[in-house]
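Visitor: Have a look; sequence and predicted model below, questions after that.
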Amino acid sequence: MPRAEPLRAFARRLWLILLAGAPLFLAGPALAQPGPVLRAGWYASEPQQYQRNGALTGLDIEMVQALARHAGHALRWTQHGYLPLLEDVAAGRMDLFTGIATTEARQQTYALSRPYRFDTNVLIMRRGEAAALRFTDAAGLAAHLQANGRFRLGVRAGYSYFDAALDQVIAQPPDPGQVRAADDDATNLRRLLAGEIDGFLAERLSVALAITELRLGQAVEEQAMRHRIPLHLAFSRATTPAATVAAFDEAILALRADGTLDQIAARFRFPLLLSKTLDSDWFRTLQVLGTLAAALAGTLAARLSGWSLFGAFVLAGVTAAAGGVLRDLLVGRFPIGIAQDPLFLKLIFGTVIFCWAVTHLWGLLRGRLILAFWVAQLAVAMRRRRIDRWLFDAADALGLAASTVLGVAVAFGMRAEPFWLWGPMLGTITGAGGGILRDVLRGGGNIPNLKTGFYGEVALIWALALSAYLMARKAEIELDEVIVVVVAAVIGAVLTRIAALALDWRPPRLG
């Protein structure tokens, strides 16, 4: 019984502690509740603000939602037109407007936050014509318009570019008809290609989307001008306390410091930037070279194994296209890449026919005296030096490298998340998948590239390296840098594969 007393005393103290702390527990949920709900307006402008599968998303939407969570506020979104939304926020019928550039009049009308992101305006021109213009900023464009009355500029109707000199020239051009307004980027693109204008100003992300959707990447290009405009959140002075604006300013600083805003920007910016890269001439050249190399490797594999002409078509097609088809089926990318452009099937078939013709050239030239003698000597030299095997290895390495880069690019373009997983996975499948399936068809269960060959490992290593670099650079990467990085990855993968063959590298084994 004496031992029960300490237990009862402990229980009474615990009960008193719980009773004393009850008000704090009860108040806790109330303290955790967000601040007042802000009435935020949005207007359709992809990729900044748009609906996808019934859900509201976009660069501005994701950024402002992250800022609101950090500031302790909830948002109720309502769709508006651009100008009506400005009027409603000014009158207090709405609380928040996103993505607004500052002017003196707007500073008087709205309570503006500090800048949370930038718009970048560029000059879009017909491909091959941009290099003739040397300016790199809005003031340079204004001076060019003043000096060259024959240059016809397209702009967005009712839009200010927030540069005094440029806006002045647009409002009062030196020659009538020199500046022509349009309601959207698609109209300006059509006018540019029809020769009605010589260039037009556009927000970089929006015009990249329009160019991609209209498949005009081969027809137009960006001039070197980059005109950055800081964008703010505009709060209604009639309904929004100063403390709310201060909370959002603090959130902007915090999320910029921890990289959250950059991560959101990269998710929306890089796929559009990459889509322009995929439409460029140099990347198409890379695709063509990769397809030719892979098809040549498949054809030579068929020759080394003594397959028929039809079998050569099968192996060439599998090597060049199977990895990409598997990749597209895995991520639900339709139409499948190779089905979008018949050029690549033509390249595969053409490669097989060319190799078949060269292989049978000796038979056609047999008995043709001197020419036949030199062809015979060349054939002997080729066999002595095993040049057919060397050619197969070189072509296979180039196909592996180019396809790996394409796989990583598709992962970015599909916005596959998490990218650290999907980038290397799709790069490896696209790069090594065709070669592995080719060897499955050739060797049954004996597949050197899965046993002792350092093959898929090359694709994985360089897909990881390229993905890691793109993740590190995020929103800051530019088109010129993309070109350098992609070419470096292709060359690195080719050299790695050749080194693996020359030095007889072996991959890690399970046991």
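Guide: Alright, I've got the coordinates.
Visitor: Could you check the pLDDT of F248?
Guide: Note for F248: predicted pLDDT of 97.
Visitor: Check D262 too.
Guide: Value for D262, per-residue pLDDT: 85.
Visitor: Can you get me a residue count around it?
Guide: 16 (other Cβ atoms under 10 Å). The C-beta positions use only the backbone N, C-alpha and C, and glycine is treated the same way.
Visitor: State whether it is indeed within a helix.
Guide: Yes. Judged by DSSP: H, G, I helix; E, B strand; the rest coil, D262 forms part of a helix.
Visitor: where's it relative to M63, distance?
Guide: 10 Å (Cβ to Cβ, to the nearest Å).
Visitor: ok, now L441?
Guide: 50 Å.
Visitor: And for A101?
Guide: 16 Å.
Visitor: between the two, who's got more neighbours?
Guide: Taking neighbours as other Cβ under 10 Å, A101 and M63 compare with M63 leading, 24 against 17.
Visitor: my guess is that one contacts Y116, does it?
Guide: Yes. Judged on Cβ atoms under 8 Å, M63 makes contact with Y116 at a distance of 6.2 Å.
Visitor: Need the residues touching each of those two.
Guide: Contact criterion Cβ atoms under 8 Å, 6 or more residues apart in numbering; residues shared by M63 and Y116: L261.
Visitor: Buried ones in the strand or helix carrying L192, by neighbour count?
Guide: Assigned by DSSP states H and E, L192 belongs to helix 185-193. By neighbour count on 16 or more other Cβ atoms under 10 Å, the buried set for helix 185-193 is D185, T187, N188, L189, R191, L192.
Visitor: which other residues reach that helix?
Guide: 124-126, 154, 156, 180, 182, 197-200, 202, 206-207, 210-211, 214, 216, 219-220.
Visitor: Write a ChimeraX command that selects only the buried members of these.
Guide: Buried residues among these (16+ other Cβ under 10 Å), as a ChimeraX selection:
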select :124,125,154,156,180,182,197,198,199,200,202,206,207,210,211,216,220
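Visitor: Strands of the stretch 1-150 of the chain, residue ranges please.
Guide: 38-42, 50-52, 55-57, 75-79, 96-100, 110-112, 117-126 (DSSP state E, counting those that start in this stretch).
Visitor: Next, format those strands as a markdown table and append mean pLDDT.
Guide: Listed next are the strands of the stretch 1-150 of the chain as a markdown table, based on pLDDT from 0 to 100:
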| stretch | mean pLDDT |
| --- | --- |
| strand 38-42 | 94 |
| strand 50-52 | 86 |
| strand 55-57 | 90 |
| strand 75-79 | 94 |
| strand 96-100 | 93 |
| strand 110-112 | 96 |
| strand 117-126 | 94 |
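Visitor: For the helix or strand where I348 lies, the averaged confidence score.
Guide: Using DSSP H and E, I348 sits in helix 343-359. Average pLDDT, helix 343-359: 86.
Visitor: Begin at 83 from now on, thanks
Guide: Sure, I'll start counting at 83 from here, so that last one is helix 425-441.
Visitor: Does anything pack onto that helix? Which helices or strands?
Guide: For helix 425-441, the elements it packs on are helix 363-386, helix 391-413, judged by 3 or more Cβ pairs under 8 Å, 6 or more residues apart in numbering; DSSP states H and E.
Visitor: nearest to A479, of those?
Guide: helix 363-386 (7.9 Å; Cβ to Cβ).
Visitor: mind listing what G281 touches?
Guide: L205, I206, M207, E211, A212, F233, R234, L235, G236, L274, Q305.
Visitor: Also L397?
Guide: G380, T381, A383, A384, W389, R520, L523, R524.
Visitor: ok, the first one to G163 distance?
Guide: So that's G380. 56 Å.
Visitor: Which of the two has more residues huddled nearby?
Guide: Ranked by neighbour count (other Cβ under 10 Å), G380 and G163 place G380 first, with 37 against 12.
Visitor: The more buried one reaches R520, doesn't it?
Guide: Yes. Using Cβ under 8 Å, G380 is in contact with R520, at 5.6 Å.
Visitor: Between these two, which contacts overlap?
Guide: Residues within reach of G380 and of R520 at once, by Cβ under 8 Å, 6+ apart, are L397, V400, T401.
Visitor: Just the pLDDT for the nearest residue to the last one once chain neighbours are set aside.
Guide: If I follow you right, that is T401. Counting by Cβ to Cβ, 6 or more residues apart in numbering, T401 lies nearest to G380, which is 3.4 Å off, once chain neighbours are set aside. For G380, the model assigns a pLDDT of 84.
Visitor: With the one 3 residues further on instead?
Guide: Each residue has a pLDDT score; the one for A383 is 83.
Visitor: okay, now P258: neighbour count?
Guide: 7.
Visitor: Need the three-state assignment for it.
Guide: Under three-state DSSP, P258 comes out as coil.
Visitor: how near is it to L223?
Guide: For P258, the distance to L223 - Cβ to Cβ - is 19 Å.
Visitor: And stretch 288-306, end to end?
Guide: 17 Å (Cα to Cα, to the nearest Å).
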